[in-house]
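**Student:** sequence-free structure coming up:
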């Protein structure tokens, strides 16, 4: 495997960093290649602004989506962004590893997405017609790559379960798994979630290591999430509404975008 | 009203900034007080790191949640964070206004949340017992305040509808409306969403202005989102699972955390 881990935690001595180091060592010992984008360590610029687009004229009105497209096409994105794109292209397996803060990615990782997933690179291309609405949701730049999340959270598994007050973890992570990974063509695997990390004592560490190792060691036996592809008949175009009758009885919301059969 | 708008767009001449200026002027003309946290303009620090906690010892291991609690208690958070807290306390109405980037907040706004919603201030207090699990989800520091999102997105309304491929906008924004606003005690109002902004021509601007003005001018007639409070009998404690039978038939996922009657 060629694994890219995009990692976001500010503390070198953290639970998450120790976990990262341990599974990276494990992967490399097995002959895999691993690259880590350690966003805090690299002081990765988290915020999209006009400095991101080297060909933007000084007084021009900044339009982030359009300008990222223009800069990508003209090879005028910044070197830090281009380096991340190169790593994404290189990888066959993409991992986002982060602590879940306020039910989402730490800002530095969200900013990495905002900057690196440029228009023309991660979205905004492909045919637009009566039967096709861009290369996205099941087709895209990352077709053929596997992706999943490794995350730690303070809440318990029950609190993120089907009836839990935080919402099911599958819903909490939907905008990442479906909105980023599947959108850009990845095959998406269930997240590795380590619950109650805030209250975790050191003996919980090995359990977390085992969870992540198990994912990598048995990747072939793990079933990916069966999100519905956009351009293969399930959706009306251009409304992109799921055609009537395709969902299971009682399905609503996010759930109906996963095929159950 | 005392309105705090937390605003995140990098361009002074943007659709969003023009929209902001227009409704702020309207609100002030009607005698309301308005404060704007213009995060890009203020170059707000987006990333949580050890510089946020003035009392953290140089070589100590950074534990973001714990250290934010300790720094809040000791009044050792940074002046920029304390200024935002003061504005939140002052406001009776809180608006997050941002372009929807990758189905979420721009990193600078996520970072504002990560930094300002400190432990002890926004979460992590109140009684923990057999009948109460902290002051959160319907109780908290912001009890009595109204909150809602104003956002622009490139996709169409259909694409964010009940059957739309992006998921219903209520789900996409759940981690903000429920996970931030309701969690901290706010009364949460439906978002004002301006669709297809990327393709919008200038004549769409007045429509957007009207949408936001209508919200403010008719606030008393708008029904807030009826999220279920955590500590008032609907949830098992400490699993925080919704008690069996309280949901409507066929409800699942996020939906069951909204009371329908």
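**Tutor:** Received, thanks. What you see is a predicted model; the values in this text were computed from it and never measured. Residues are numbered from 1 along each chain as shown, chains lettered A, B, ... in the order given.

**Student:** what does the helix or strand encompassing residue A:19 rub up against?
**Tutor:** Applying DSSP states H and E as the criterion places residue A:19 in helix A:15-29. For helix A:15-29, the surrounding residues in contact (CB atoms under 8 Å, 6 or more residues apart in numbering or on different chains) are A:1, A:3, A:5, A:7, A:9, A:11, A:34, A:36, A:97-99, A:150, A:152, A:194, A:197, A:200, A:205, A:208-209, A:212-213, A:216. For glycine as for every other residue, the C-beta is placed from the backbone atoms N, C-alpha and C.

**Student:** buried ones in that helix?
**Tutor:** Of all the residues in helix A:15-29, those buried under the rule 16 or more other CB atoms under 10 Å in any protein chain shown are A:15-17, A:19-20, A:22-24, A:26-27.

**Student:** how about stretch A:92-109?
**Tutor:** Within stretch A:92-109, the residues that count as buried by 16+ other CB under 10 Å are A:93-109.

**Student:** which of the residues you listed fall within helices?
**Tutor:** Per DSSP state H, helices hold the following members of the buried residues of stretch A:92-109: A:107-109.

**Student:** right, and the helix or strand after the helix holding residue A:19?
**Tutor:** Counting by DSSP H and E, the element that comes right after helix A:15-29 along the chain is strand A:33-38.

**Student:** for the very next helix or strand once past that next one, buried residues please.
**Tutor:** The element immediately downstream of strand A:33-38 (helix or strand, assigned by DSSP H and E) is helix A:64-73. Residues of helix A:64-73 classed as buried: A:64-65, A:67-72 (neighbour count, 16+ other CB under 10 Å).

**Student:** so which of those residues is the closest to residue B:54?
**Tutor:** The shortest distance between residue B:54 and any of those, using CB to CB, involves residue A:64 and amounts to 33.7 Å.

**Student:** do you know the pLDDT at that closest one?
**Tutor:** Reading off the per-residue confidence, residue A:64 sits at a pLDDT of 95.

**Student:** with residue A:109 instead?
**Tutor:** Residue-level confidence at residue A:109 comes out at 98, pLDDT.

**Student:** quick check: it vs residue A:6, distance?
**Tutor:** As judged by CB to CB, to the nearest Å, residue A:109 and residue A:6 stand 7 Å apart.

**Student:** go on, residue A:238?
**Tutor:** Residue A:238 sits 32 Å away from residue A:6, going by CB to CB.

**Student:** also residue A:207?
**Tutor:** Plainly put, residue A:207 is 23 Å away from residue A:6 if you go by CB to CB.

**Student:** higher neighbour count, the two?
**Tutor:** Between residue A:207 and residue A:6, residue A:6 has the larger neighbour count (other CB atoms under 10 Å in any protein chain shown), namely 24 against 10.

**Student:** packing partners of the helix or strand containing the more buried one?
**Tutor:** Counting by DSSP H and E, the secondary-structure element that holds residue A:6 is strand A:2-7. Contact partners of strand A:2-7 among helices and strands, from 3 or more CB pairs under 8 Å, 6 or more residues apart in numbering or on different chains; DSSP states H and E: helix A:15-29, strand A:33-38, helix A:79-90, strand A:93-99.

**Student:** okay, buried residues for it please.
**Tutor:** If you call a residue buried by 16+ other CB under 10 Å, then strand A:2-7 has these buried ones: A:3-7.

**Student:** which one of those residues is nearest residue B:132?
**Tutor:** Out of these, the member with the shortest distance to residue B:132 (by CB to CB) is residue A:7, at 36.4 Å.

**Student:** poorly predicted segments of the stretch 101-250 of chain A, please.
**Tutor:** Counting by pLDDT under 70, the ranges of the stretch 101-250 of chain A that qualify are A:199-201.

**Student:** now the helices for it?
**Tutor:** A:107-116, A:169-172, A:174-176, A:204-217 (DSSP state H, counting those that start in this stretch).
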